[in-house]
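# just need the structure, nothing else, for what follows:
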Amino acid sequence: MSLPGLLIAMFGTVLVAVLIFAPVMRHGVEVTARTEVEAVRRERDGMKVAYSAVLRTLRDLDEDYATGKLHESDYRAEQTRWKAEGVRLLKELEATRAAAYPDGEPGGA
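Numbering: from 1, shown residues only. This is a model prediction of the structure:
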């Protein structure tokens, strides 16, 4: 076989290999990206649960203060602490929204 024929045969072999393996390799990238999105969504789900717990704690603090179970100084300190935690969680949720929903959040929100 001549050199040009050998080069054409090698080029053809590489081309066929690329055509065969490109979808497999692309699928691997899609699976990895989907897995990363799912991990971010799970993390956000945990943040949402934590945020709900913060809201419950704030309601409980208000109730305990209203019924006289907490001194005002304790109430203010705990309220400040839990509000700061709520703000932190909301900021994290907002910061991870785009990574969790690259095609837009369901429901258009």
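
# helices or strands up against the longest helix seen in the chain?
Counting by DSSP state H, the longest helix found in the chain is helix 3-66. Counting contacts by 3 or more CB pairs under 8 Å, 6 or more residues apart in numbering; DSSP states H and E, helix 3-66 is packed against helix 72-100. Where you see a C-beta, it was placed from the backbone N, CA and C, and this is true even at glycine.

# for the helix it packs on, the averaged confidence score.
Average pLDDT, helix 72-100: 92.

# again, but for stretch 49-67
So the average pLDDT for stretch 49-67 ends up being 95.

# give me the contact list for it.
With CB atoms under 8 Å, 6 or more residues apart in numbering as the test, stretch 49-67 has contacts from Leu70, Glu72, Tyr75, Glu78, Gln79, Trp82, Lys83, Glu85, Gly86, Leu89, Leu90, Leu93.

# ok, which pair from those residues is furthest apart?
Based on CB to CB, the longest span within those runs between Glu72 and Leu93 and measures 31.1 Å.

# neighbour count: these two, which is higher?
Leu93 (16 against 8; other CB atoms under 10 Å).

# ok, the more buried one - contacts?
Contacts of Leu93 (CB under 8 Å, 6+ apart): Arg44, Met47, Lys48, Tyr51.

# if I look at it, how far off is Ala100?
Per CB to CB, to the nearest Å, Leu93 is found 9 Å from Ala100.

# where do the contact lists of those two overlap?
Arg44.

# kindly reformat the contacts of Leu93 as JSON lines containing distance to Thr35.
Formatted as JSON lines, these follow (distance: CB to CB, whole Å):
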{"residue": "Arg44", "distance to Thr35": "15"}
{"residue": "Met47", "distance to Thr35": "19"}
{"residue": "Lys48", "distance to Thr35": "20"}
{"residue": "Tyr51", "distance to Thr35": "25"}
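
# now, of the residues you listed, which are buried?
Arg44, Met47, Tyr51 (16 or more other CB atoms under 10 Å).

# of all the contacts of stretch 49-67, which comes closest to Val16?
Leu93 (47.8 Å).

# enumerate every residue touching the residue nearest in space to the middle of the chain.
Centroid-nearest residue in the chain: Val40, 2.0 Å away (criterion: CA atoms, centre = their mean). Going by CB under 8 Å, 6+ apart, Val40 touches Thr96, Ala99, Ala100.
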